[in-house]
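Engineer: Next one to model:
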Amino acid sequence: MIQYALNQTRRKLADSRIGLQFVAKLRNQCELVIGSAHGWGTSCDPRLNGEAKWLRSVVDKVRYVVDVGANRGEWAGLVLREHELDGALLIEPSLSAVEILRRQFSNHPEIEIVEAAAGSAPGTVRFFEEQDAGETSSLVEGFSAMANSRQVWVTTIDTEIERRGWPSVDFLKIDAEGYDFRVLEGSRRLFKQRKVSYGQFEYNGPWRLSGTTLTYAISWLKTLGYQSFLIKADGLHVPDVDTYREYYLYSNYAIIRNDLVEDALQNIGRP
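Structural biologist: Predicted structure coming up:
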């Protein structure tokens with residue numbers, strides 16, 4: 001009887017323009033609640049949203065890092081304040097951001113700045129660039145605010161690491177404004193060979209426009225021997241994508257190689 005009533009209610013709402021609009025608005029509010037539970041609306045500051053805590057919990061094991069979407073170098077600067085590195089690649093296609101990075105790290109021979117975007121395969125692509133190293137410059141059309149577009153070179157993490165002969169990537173940080181999974185795809189060989197120890201990627205609205213999903217990204221990493229965790233201020237949380245599905249709001253996710261998971265969770269502390 002209850003199931004019949006629910007079916008009838010759904011049918012009536014589906015057949016009603018006003019009812020359908022109400023359901024859409026309700027869904028949008030529900031997504032905001034789910035997003036809030038996953039870190040949206042808290043802060044983009046690494047010191048407040050858990051990113052810095054996650055990095056510090058493993059930074060003593062880090063020698064080689066890759067920072068995709070380095071922007072003004074805040075994350076790379078945080079790493080250097082915590083630990084000396086043998087090598088760091090800062091990958092950034094924004095001309096204004098690259099200029100800032102070159103000034104900021106001119107006295108760090110261990111840091112190399114790559115003026116390019118990162119993706120799943122080498123080539124060229126349109127980049128929508130905001131002025132003054134805008135943080136939402138993106139390869140995803142329709143997301144960046146007041147942006148100019150131009151063609152930029154796209155490289156892959158696999159290509160860059162092979163070219164330099166690095167033994168591993170101890171931390172792969174990705175902040176590619178919707179292109180994050182494409183960057184992961186371009187790191188497949190490293191992941192398959194278990195040469196990535198730790199990492200993180202950003203999830204947000206432009207994932208919808210790039211045709212990628214958090215659900216698939218987590219599954220893809222799992223098949224290669226990695227676990228993903230939601231980063232929050234109080235630590236790492238096991239994501240439940242079957243329950244919460246796609247919400248397309250700002251969050252950050254940690255990547256940990258399977259054999260390093262228990263140690264990493266002990267170091268950061270369980271929430």
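Engineer: now what about the lowest-mean-pLDDT helix or strand in the chain, what contacts it?
Structural biologist: Every helix and strand of the chain was ranked by mean pLDDT, DSSP states H and E. The lowest is helix 2-15, at a mean of 80. Contacts to helix 2-15, defined as Cβ atoms under 8 Å, 6 or more residues apart in numbering, come from residues 19-20, 22-23. Any C-beta I mention is one placed from the backbone N, CA and C, and that applies to glycine too.
Engineer: shaky segments in the stretch 101-250 of the chain?
Structural biologist: 133-134, 146 (pLDDT under 70).
Engineer: could you pull out the strands for this structure?
Structural biologist: Along the chain, counting by DSSP state E, strands occupy 64-68, 87-91, 111-114, 117-118, 123-129, 148-155, 169-174, 196-203, 226-232, 235-237, 251-257.
Engineer: Just name whatever secondary elements the first one is in contact with.
Structural biologist: With contacts defined as 3 or more Cβ pairs under 8 Å, 6 or more residues apart in numbering; DSSP states H and E, the packing partners of strand 64-68 are helix 74-82, strand 87-91, helix 157-164, strand 169-174.
Engineer: per the record, what domains does the protein have?
Structural biologist: Domain assignment for the chain by automatic domain parsing gives 1-37, 43-268.
Engineer: okay, those domains, which one's buried deepest?
Structural biologist: When the domains of the chain are scored by mean count of other Cβ atoms under 10 Å, the highest mean neighbour count falls to domain 43-268 (a mean of 19).
Engineer: follow-up on the earlier one: the strands of the chain: which one's closest to residue 53?
Structural biologist: Taking Cβ to Cβ, strand 235-237 is the member of the strands of the chain nearest to residue 53, at 7.1 Å.
Engineer: Quick check: neighbours of the closest one in the sheet, parallel or antiparallel?
Structural biologist: Strand pairing for strand 235-237, using DSSP bridges, gives strand 226-232 (antiparallel).
Engineer: ok, residues contacting the strand it pairs with?
Structural biologist: 38-39, 42, 49-51, 54, 191, 196, 200, 217-218, 221-222, 236-239, 251-258, 261, 271.
Engineer: do stretch 178-191 as well
Structural biologist: Contacts with stretch 178-191, where a contact means Cβ under 8 Å, 6+ apart, come from 68, 117-121, 138-140, 143, 155-159, 161-162, 169, 172, 174, 176, 196, 201-207, 209-210, 212, 216-217, 220-221, 224-226.
Engineer: still on that earlier bit, need the helices and strands packed on strand 64-68 in TSV with distance to residue 100, can you?
Structural biologist: What follows is the helices and strands packed on strand 64-68, written out as TSV (distance: least, Cβ to Cβ, whole Å):
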stretch	distance to residue 100
helix 74-82	10
strand 87-91	11
helix 157-164	21
strand 169-174	17
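Engineer: Residue 150: which of the ones you listed is closest?
Structural biologist: Using Cβ to Cβ, the nearest of these to residue 150 is strand 87-91, at 16.9 Å.
Engineer: name the helices or strands packed onto the lengthiest helix in the chain?
Structural biologist: For the chain, the helix that runs over the most residues, judged by DSSP state H, is helix 17-37. Packing contacts for helix 17-37, counted by 3+ Cβ pairs under 8 Å, 6+ apart, involve helix 2-15.
Engineer: Send me the helix it packs on as PDB with only the CA atoms.
Structural biologist: Output of helix 2-15 as PDB, limited to C-alpha atoms (Å, rounded to 0.1, in the frame of the first residue of the first chain):
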ATOM      1  CA  ILE A   2       2.800   2.400   0.900                       C
ATOM      2  CA  GLN A   3       4.800   1.600  -2.200                       C
ATOM      3  CA  TYR A   4       1.700   2.100  -4.300                       C
ATOM      4  CA  ALA A   5       1.100   5.500  -2.800                       C
ATOM      5  CA  LEU A   6       4.700   6.500  -3.400                       C
ATOM      6  CA  ASN A   7       4.500   5.300  -7.000                       C
ATOM      7  CA  GLN A   8       1.300   7.400  -7.600                       C
ATOM      8  CA  THR A   9       2.900  10.400  -6.000                       C
ATOM      9  CA  ARG A  10       6.000  10.200  -8.200                       C
ATOM     10  CA  ARG A  11       3.800   9.800 -11.200                       C
ATOM     11  CA  LYS A  12       1.700  12.900 -10.400                       C
ATOM     12  CA  LEU A  13       4.800  15.000  -9.700                       C
ATOM     13  CA  ALA A  14       6.400  13.800 -13.000                       C
ATOM     14  CA  ASP A  15       3.300  14.700 -14.900                       C
END
